[in-house]
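[1] return atomic coordinates for the entry below.
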Amino acid sequence: MKVVIVGGVAGGASAAARLRRLDENAQIVMLERTGYVSYANCGLPYYIGGVIKNQSSLTLQTPASFAARFNVDARVRQEVIAIDRAAKQVVVRDLESGREYPESYDKLVLAPGAKPLRPELPGIDSPKIYTLRTVEDTLRLREAALANGVQRAAVIGGGFVGVEIAENLRELGLSVCLIQREEHILAPLDGDMASFLHHHLRENGIELLLNQTVTGFADDKGGIDVLLADGQKVSADLVVLAAGSSPESDLAEQAGLKLGPRGSIAVDEHMLTSDADIYAVGDAVAVNNSVTGQKAVVALAGPANKQGRVAADNIAGLDSRYNGSPATAVLKVFDMTAAFCGLNERAAKAAGIDYEKIILAPASHATYYPGGNLLTIKLLFARTTEKIIGAQVVGFDGVDKRLDVITTAMQAGLTVRALKELDLAYAPPYSSAKDPVNMAGFIAENIITGKLRQCFYEDLAALPRDGSVTLLDVRTAAEYAQGHAAGFELNIPVDELRPRLGELDKSKPVYVMCRTGLRSYIASRMLSQAGFECYNFAGGYFYYASVHGDFAGSQAPTECGRPL
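    Down below sits the predicted model:
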């Protein structure tokens, strides 16, 4: 059996290695358009910033090492330009010589990846505009960033690549402006959670322009101007275009294969295309969103590697299936971390899911052990089934741990209340006896059983200010003096609340806020059992300060720093 694999990197290289482990006799040919057959795609921004210091560290396998270890004929600088399904062969162009030749196959695996979006804008062909997809792109961009006289960079797009490039160019000492068309960076996050990252980017010297549409580029005095729809311009020495990507599906489309959403290659759970002898994996395909069951493009390295393995299994005669992805991801933003899985609020609403959300700000580990920081966790669950449908976690320490636990629970089909039962590792340097994930489960149970009613940031603007409701802050007087939410003019510390209940009017609903939501919950239970209609502000003032400060366009409030 002869298997031809188009593309290396994650999906293609994974398919080649797995197939060899299953079938020692198969003839495996891997054709890669770039000069590097298997490389650390996700590490490319960190080489630009100097975190990864050796170029050789980016290369996971070479044609020679693939041949030696896996007996794979891996060829670089070989571009597949056509698929002849009837003849079961591909047409290959040698990019060094220009020669074209046919390559036959019994089974074909397409792993072409995704291509950076390059909108047709005036000046888009300027040599000062860079994209990042390959090792070659990385080397060019790093050389340009280190050139004499280069001081200013503009990064267009606030997705994974844009944020990582902005950080790493800043680490090189460049002045960096990050331009994002939407109201916040990182589309998988909701705006409230992204606010923490906005503050942190600004704290680290990134100029952040949100809700800005780029209309063109103009070379100017050795530099380049980025032209914006509102008439502004951003002057830079180089521009990195990171405005998203689209599936590289031209070959599949020309071959008549069925396509999916966003022009992706349609595949089934076996990673099989509409042709019984052609498989496809990685950023070019659409797979099931494991929450909604709808087809979606999930351009992440983890799914690509798993899909390559599944395709190889099925080529080798096994019945292996890829069951979909909740799009679990994690991102470093200087020394902060953001992680997310499943649906955010916008996606949940679009899917028509009746959901409940919880927002909490627990400590990353026991508060009495030095060095802890607050995490902010946002978790969505379906009201009818109590199944977890999405989570977002932002903070400094322990973010990935909590997100991984939640996404594992979600994929295992656990209900949100089951989080309180999880027996998670505990020692003071790492967690608390009630881990933040357990706390999320406790809060969810309190909501489901009616012990807790919530109030959210978006509810505050509609609350009357005519004295018909009570807005109560239960932090200490010293905390309150440092800042409080608009309208929360009454401050009674929680430890003084019980003997002072007589100061409150039972005919008025009470909205309670503290720093993280814990003391206000205690106050809410106290008030509810005393006959008050009570609502707890989710996330506390810590969360409010970040969201409100970002909305108001201010710099990061004191409350959004390292708080413990």
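[2] can you give me phi and psi for the most centrally placed residue in the chain?
    Centroid-nearest residue in the chain, with Cα atoms, centre = their mean: residue 329, separated by 4.8 Å. When quoted as degrees, to the nearest 10, the phi and psi of residue 329 stand at phi -150, psi 160.
[3] from residue 244, how far out is it?
    Distance of residue 329 to residue 244, computed by Cβ to Cβ, to the nearest Å: 15 Å. Quick note: C-beta positions are derived from backbone N, CA and C, even for glycine.
[4] on that earlier part again, for the residue nearest to the centre of the chain, what are its contacts?
    Contacts of residue 329 were listed using Cβ atoms under 8 Å, 6 or more residues apart in numbering, and they are 160, 188, 300, 339-341.
[5] if you set the cut-off to 7 Å instead, what comes out?
    188, 300, 339-340 (Cβ atoms under 7 Å, 6 or more residues apart in numbering).
[6] just give me the closest of the residues you listed to residue 73.
    Among the contacts of residue 329, residue 300 lies closest to residue 73 (Cβ to Cβ), at 28.1 Å.
[7] which residues of this structure score low on pLDDT?
    551-564 (pLDDT under 70).
[8] hey, which helix is longest across it?
    Criterion DSSP state H: the longest helix present in the chain is helix 301-315.
[9] quick one: buried residues of it?
    Using 16 or more other Cβ atoms under 10 Å as the test for burial, helix 301-315 gives 301, 303-315.
[10] and which of the residues you listed is nearest to residue 54?
    For the buried residues of helix 301-315, the nearest to residue 54 is residue 301 (20.5 Å; Cβ to Cβ).
[11] the closest one contacts residue 43, correct?
    No - using Cβ atoms under 7 Å, residue 301 is not in contact with residue 43, being 10.1 Å away.
[12] now residue 484. Its backbone dihedrals?
    According to degrees, to the nearest 10, residue 484 has phi -150, psi 160.
[13] that one and residue 473 touch, don't they?
    Yes - using Cβ under 7 Å, residue 484 is in contact with residue 473, at 5.3 Å.
[14] mind checking which of the two has more residues around it?
    Taking other Cβ atoms under 10 Å, residue 484 and residue 473 do not tie; residue 473 has more neighbours (28 against 19).
[15] who does the more buried one bridge with?
    Note on residue 473: beta-bridge partners residue 491, residue 513, judged by DSSP bridges.
[16] return the residues in contact with it.
    So residue 473 contacts 480, 484, 488, 490-491, 513 (Cβ under 7 Å, 6+ apart).
[17] and for residue 163?
    Residue 163 sits next to 185-186, 331, 333 when contact means Cβ under 7 Å, 6+ apart.
[18] now do the contacts for the closest residue to residue 3 other than its chain neighbours.
    Excluding its sequence neighbours, the residue lying closest to residue 3 (Cβ to Cβ, 6 or more residues apart in numbering) is residue 107, at 4.8 Å. By Cβ under 7 Å, 6+ apart, the contact list for residue 107 reads 1, 3, 277, 315.
[19] and if you look at residue 40?
    Contacts for residue 40 (Cβ under 7 Å, 6+ apart) come out as 58, 60.
[20] what helix or strand is residue 276 located in?
    If you go by DSSP states H and E, residue 276 is not part of any helix or strand.
[21] how much space between it and residue 479?
    Between residue 276 and residue 479 the distance is 66 Å, computed by Cβ to Cβ.
[22] do the same with residue 266
    From residue 266 to residue 479 the distance is 55 Å (Cβ to Cβ).
[23] now do residue 144
    For residue 144, the distance to residue 479 equals 48 Å [Cβ to Cβ].
[24] what does residue 491 give?
    Residue 491 is 9 Å from residue 479, by Cβ to Cβ.
[25] residue 120 now?
    Per Cβ to Cβ, residue 120 is found 53 Å from residue 479.
[26] who has more neighbours, these two?
    Counting neighbours by other Cβ under 10 Å for residue 120 and for residue 479 shows that residue 479 has the greater number, 18 against 6.
[27] contacting residues for residue 321?
    Contacts of residue 321 (Cβ under 7 Å, 6+ apart): 269-270, 310.
[28] mind listing the strands for the stretch 301-450 of the chain?
    Using DSSP state E, counting those that start in this stretch, the strands found in the stretch 301-450 of the chain span residues 329-333, 336-342, 355-360, 376-382, 388-395.
[29] any idea which of these is most buried?
    strand 388-395 (a mean of 27; mean count of other Cβ atoms under 10 Å).
[30] by contact count, what packs against that strand?
    Judged by 3 or more Cβ pairs under 7 Å, 6 or more residues apart in numbering; DSSP states H and E, the packing partners of strand 388-395 are helix 191-203, strand 336-342, strand 376-382, helix 399-411.
[31] hmm, residue 298 and residue 260 touching each other?
    No - contact criterion Cβ under 7 Å: residue 260 and residue 298 do not qualify, at 11.8 Å.
[32] who's more crowded, those two?
    Comparing residue 260 with residue 298 by other Cβ under 10 Å, the one with more neighbours is residue 298, at 23 against 18.
[33] which SS class is residue 53?
    Classification of residue 53 using DSSP: H, G, I helix; E, B strand; the rest coil returns coil.
[34] who touches the nearest residue to it once chain neighbours are set aside in this structure?
    Leaving aside its sequence neighbours, residue 53 sits nearest to residue 47 (Cβ to Cβ, 6+ apart; 8.0 Å). Residues counted as contacts of residue 47 (Cβ under 7 Å, 6+ apart) are 55, 58, 138, 142.
[35] ok, the residue nearest to residue 444 when sequence neighbours are not counted - contacts?
    Distance criterion Cβ to Cβ, 6+ apart; nearest residue to residue 444, sequence neighbours excluded, is residue 416 at 4.2 Å. By Cβ under 7 Å, 6+ apart, residue 416 lies in contact with 381, 386, 388, 441, 444.
[36] tell me the one of the residues you listed nearest residue 37?
    Nearest to residue 37 among the contacts of residue 416 is residue 388, at 38.6 Å by Cβ to Cβ.
[37] thought the closest one was touching residue 378?
    No - using Cβ under 7 Å as the test, residue 388 is too far from residue 378 to be in contact (11.7 Å).
[38] using the three-state scheme, assign the residue in the chain sticking out farthest from the centre.
    The centre of the chain is farthest from one residue, residue 502, which by Cα atoms, centre = their mean lies 48.1 Å away. With three-state DSSP as the basis, residue 502 sits in helix.
[39] ranges for the helices of the stretch 401-550 of the chain?
    Assigned by DSSP state H, counting those that start in this stretch, the stretch 401-550 of the chain shows helices spanning 436-448, 457-460, 477-481, 494-497, 518-529, 540-551.
[40] any chance of a markdown table for these, columns distance to residue 283?
    A markdown table is the format used below for those (distance: least, Cβ to Cβ, whole Å):
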| stretch | distance to residue 283 |
| --- | --- |
| helix 436-448 | 30 |
| helix 457-460 | 34 |
| helix 477-481 | 47 |
| helix 494-497 | 50 |
| helix 518-529 | 42 |
| helix 540-551 | 31 |
